[in-house]
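Student: Below are the sequence and a predicted model for it; my questions follow.
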Amino acid sequence: MTTRRFRMWNATGKVSLRAVLDDIDGAGLIWIIEFFDGIGRPPSRFFSDSIGDFEQYLSENDQGFQVSWTELLEFAEGIQWG
């Protein structure tokens, strides 16, 4: 397992998940979302458009939700920062 550390804040504010992912070559990896609590859109393959349904699914499913690299990037792009 490879571990990388990223700052959550920079001089201009919060660092987005998408900005972190832009520094990773993750196309050949397996990605599983295990927890999410926020505002955004669930991955496109998820059975509902509701982020609340997605959060509930993750809280009830120990396996998480597997996504492709492209799906993860799209999910990260849809996360809204308050």
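Tutor: Yep, that arrived.

Student: alpha carbons only for contacts and neighbour counts from here, please
Tutor: Will do.

Student: Which parts of the protein are strands?
Tutor: Assigned by DSSP state E, the strands in the chain fall at 9-10, 13-14, 31-33, 65-67.

Student: Can you say which of the ones you listed is packed in most?
Tutor: Mean neighbours per residue, mean count of other C-alpha atoms under 10 Å, is largest over the strands of the chain for strand 65-67, with a mean of 17.

Student: For it, which outside residues touch it?
Tutor: Residues outside strand 65-67 that contact it (C-alpha atoms under 8 Å, 6 or more residues apart in numbering): 30, 31, 32, 33, 34, 43, 58.

Student: Let me have those residues in a markdown table, adding pLDDT and distance to residue 4 as columns.
Tutor: Below are the contacts of strand 65-67 laid out as a markdown table (pLDDT from 0 to 100; distance: C-alpha to C-alpha, whole Å):
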| residue | pLDDT | distance to residue 4 |
| --- | --- | --- |
| 30 | 92 | 16 |
| 31 | 94 | 15 |
| 32 | 95 | 17 |
| 33 | 95 | 17 |
| 34 | 95 | 18 |
| 43 | 95 | 24 |
| 58 | 97 | 24 |
